[in-house]
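Chemist: The sequence and its predicted three-dimensional model are supplied below.
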Amino acid sequence: MTMYDPLHDKTPGCGEPYPDSYWADTLTETPEDDGVLTQDVDVDVVIIGAGYTGLSCALHLAREHGIKAIVLEANQTAWGCSGRNAGFILKSSGRKTYSRMAGQWGEEVMRGIYQEMCAGVDTVKSLIAEGIDCDQQEAGFIKVAHKPSMMKELIATAKLQQKMFGYDVQILSQQEVREQYMDDHNAFGAIRYQDGFGVNPLKLACGYQKLARHSGVKVHTGSPVMSWHEENRSQTHPKDKVQVLQTPNARVQAQKVVIATNGYTPKGFHSLVKDRTLPVLSQIIVTEPLSEQQLAACNFLTSNVVMDTRALKYYYRKLPDNRLLFGGRGAITGKGAHDPYYADRLLAVLKTSFVSLTDLKYDYAWSGWVCMALDDLPHIYQNDSKSIFYGMGYCGSGVSFSVQAGKRLAEKVAEKTVPNLPLYQKALPKFPLAPLRRVGQWGYFHYGKIKDTYF
């Protein structure tokens with residue numbers, strides 16, 4: 001079975017069910033939506049994609065700007081990365097470090113981006129506080145050194161962040177990590193942030209949808225955009241353009257369109273986003289529940305979210321029912337996505353961290369497309385006529401920032417001023433030699449393997 005591949009496929013399907021994931025299994029009821037769009041509509045704003053970005057944009061448009069958008073989703077709410085990720089809420093800026101930002105744009109811009117990342121976490125927390133049941137876990141983010149030489153780099157990062165932001169970062173020795181948090185044999189020390197926490201990402205998205213619909217937003221699932229063109233609204237006003245979107249059962253006319261499809265944007269979807277992202281598969285496994293004896297044997301005391309320092313990162317956390325979630329890179333193409341090799345490899349790595357879990361099996365394995373940007377930063381942008389907008393390129397750090405991106409998209413759509421930062425003022429850069437993106441990715445994976453092992 002081949003998985004939908006945005007670099008090869010022109011449609012993600014129509015009304016496709018959720019993948020066979022742990023998150024989908026935890027849903028006690030399907031999120032209530034407005035069903036398939038069956039009647040032609042003429043609206044001010046249409047949003048394509050019912051993930052974090054699209055739902056946040058719709059919610060903030062309704063609440064803060066009095067604009068009732070409609071959301072078109074090809075399959076189910078959060079069918080893409082919003083319902084497949086590991087559920088890590090972090091103050092993270094994509095893959096670009098704050099020191100690189102300061103070197104490129106100066107300290108003021110770097111601090112501005114940091115404030116936006118903090119605001120993203122605050123926005124998520126405030127929305128959860130409105131009553132979203134998403135299995136929120138205790139706060140804490142542990143970044144572990146995967147070899148002794150990386151500890152020096154982590155300490156430098158901690159000291160820089162303490163100095164620049166007054167950030168409360170603990171430095172933990174190898175012994176402290178293994179005695180106080182978890183006996184990870186691949187951890188040679190760590191730094192620990194007091195914020196950052198784990199959630200059920202699919203329940204979180206369903207909660208956003210509920211809030212948006214309470215604010216008057218219509219969310220139509222099973223309604224993919226099959227074609228899209230621009231028309232003159234009238235012969236007397238040729239400059240008065242309208243966007244026309246065709247779904248399987250209805251035609252939508254809109255003044256403004258927001259593309260919120262991120263890593264799931266189909267091939268050739270729109271010229272504004274063509275060749276500007278690289279969808280990369282991330283693979284996750286969730287194990288069977290651990291017994292009290294197994295937890296004691298590997299001293300697994302924490303529910304903090306954990307990530308390592310590899311170029312090809314591994315990340316994990318203990319879930320509320322004592323299962324372990326463990327993730328890392330997946331296949332390169334959709335064709336290989338369901339090959340058990342990738343899930344089996346993650347389980348093998350997990351067992352090198354927790355050597356007492358020799359008999360552990362996984363109950364769930366799935367993958368999803370993470371959206372990489374050439375400059376390692378997300379971008380929220382629009383065309384010259386300010387009729388088409390997008391927010392994408394979260395580089396694996398979108399669970400919290402995509403909500404802030406949706407909020408800023410709403411401000412742009414409502415023609416309000418947004419902060420003067422590269423995130424909001426510059427387009428996603430195009431990938432050079434775009435047809436060869438996957439070749440470059442293959443090369444990076446091999447470089448990463450060598451770097452993680454030998455350097």
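Modeler: Done, it's in.
Chemist: and the gap between C81 and P12?
Modeler: To P12, C81 is 12 Å away according to C-beta to C-beta, to the nearest Å. All C-beta spots, glycine's among them, are computed from the backbone N, C-alpha and C.
Chemist: Over to G398?
Modeler: G398 is 17 Å from P12, where distance means C-beta to C-beta.
Chemist: more crowded one of these two?
Modeler: Comparing G398 with P12 by neighbour count (other C-beta atoms under 10 Å), the higher total belongs to G398, at 28 against 21.
Chemist: Torsion angles phi and psi at that one?
Modeler: Dihedral pair for G398: phi -90, psi -10, per degrees, to the nearest 10.
Chemist: List the residues that contact it.
Modeler: The contact partners of G398, by C-beta atoms under 8 Å, 6 or more residues apart in numbering, come to 52-53, 81, 85, 262, 371, 378, 405.
Chemist: Repeat that for M226.
Modeler: Going by C-beta under 8 Å, 6+ apart, M226 touches 11, 246-248.
Chemist: Which pair of those residues spans the longest distance?
Modeler: For these, the maximum inter-member distance is 12.3 Å, found between T11 and Q246 (C-beta to C-beta).
Chemist: which SSE is the closest residue in space to I67 that isn't next to it in sequence in?
Modeler: In space, not counting the residues next to it along the chain, I67 is nearest to L61; the distance is 4.3 Å by C-beta to C-beta, 6 or more residues apart in numbering. For L61, the element it lies in under DSSP states H and E is helix 52-65.
Chemist: Report the mean per-residue pLDDT for that helix.
Modeler: Averaging pLDDT along helix 52-65 yields 98.
Chemist: now swap in stretch 139-157 and tell me
Modeler: Stretch 139-157 comes out with an average pLDDT of 95.
Chemist: The residue nearest to I67 against A69, yeah?
Modeler: Yes: checked against C-beta atoms under 8 Å, the pair L61 and A69 is within contact range at 5.1 Å.
Chemist: Touching both of the two, which residues are there?
Modeler: Counting by C-beta under 8 Å, 6+ apart, the shared contacts of L61 and A69 are 45, 217.
Chemist: T77: which element?
Modeler: Under the criterion DSSP H and E, no helix or strand holds T77.
Chemist: of the contacts of G398, buried ones?
Modeler: Burial by neighbour count, 16 or more other C-beta atoms under 10 Å: within the contacts of G398 this picks out 52-53, 81, 85, 262, 371, 378, 405.
Chemist: I'd like to know how far the spatially closest residue to H338 that is not a sequence neighbour sits from Q255.
Modeler: Nearest residue to H338, sequence neighbours excluded (C-beta to C-beta, 6+ apart): M1, at 5.4 Å. In this structure, M1 and Q255 are separated by 40 Å, where distance is defined by C-beta to C-beta.
Chemist: quick one, which of these two is more surrounded?
Modeler: Q255 (17 against 6).
Chemist: ok, back up a step: which neighbours do C81 and P12 have in common?
Modeler: Common contacts of C81 and P12 (C-beta under 8 Å, 6+ apart): Y264.
Chemist: Show the pLDDT at the most centrally placed residue in the chain.
Modeler: The centroid of the chain falls nearest to G398 when counting by C-alpha atoms, centre = their mean (3.3 Å). Predicted confidence (pLDDT) at G398: the value is 92.
Chemist: what's the answer for V109, then?
Modeler: V109 is assigned a predicted lDDT (pLDDT) of 95.
Chemist: Then Q235?
Modeler: Per-residue pLDDT puts Q235 at 56.
Chemist: P31 now?
Modeler: Taken from the predicted model, the pLDDT recorded for P31 is 87.
Chemist: surely it meets A212?
Modeler: No: counting by C-beta under 8 Å, P31 sits too far from A212 to count as a contact (10.9 Å).
Chemist: which helices and strands does the strand or helix carrying R111 pack with?
Modeler: The secondary structure element spanning R111 is helix 107-128 (assigned by DSSP H and E). Contact partners of helix 107-128 among helices and strands, from 3 or more C-beta pairs under 8 Å, 6 or more residues apart in numbering; DSSP states H and E: helix 98-105, helix 149-165, helix 201-214, helix 398-413, helix 422-425.
Chemist: Neighbours of R178, how many?
Modeler: Neighbour tally, R178, other C-beta under 10 Å: 18.
Chemist: Backbone dihedrals for it, please?
Modeler: For R178, the backbone dihedrals (degrees, to the nearest 10) come out as phi -70, psi -30.
Chemist: ok, it touching N299?
Modeler: Yes: proximity of R178 to N299 meets the contact threshold set by C-beta under 8 Å, at 6.7 Å.
Chemist: Can you give me the pLDDT of the closest residue to Q39 other than its chain neighbours?
Modeler: Leaving aside its chain neighbours, Q39 sits nearest to A250 (5.7 Å; criterion: C-beta to C-beta, 6+ apart). Looking at A250, its pLDDT reads 98.
Chemist: out of the buried ones among the contacts of G398, who's nearest V109?
Modeler: Using C-beta to C-beta as the measure, the one of the buried ones among the contacts of G398 that approaches V109 most closely is P378, at 14.8 Å.
Chemist: what's near enough to touch that closest one?
Modeler: Taking C-beta under 8 Å, 6+ apart as the contact definition, P378 lies against 94, 391-395, 397-398, 401-402, 405, 423.
Chemist: give me that answer again for 6 Å
Modeler: 94, 393-394 (C-beta atoms under 6 Å, 6 or more residues apart in numbering).
Chemist: low-scoring stretches of the protein, by residue?
Modeler: Screening the chain residue by residue with the criterion pLDDT under 70, one finds the ranges 234-239, 442, 444-447, 452, 454-455.
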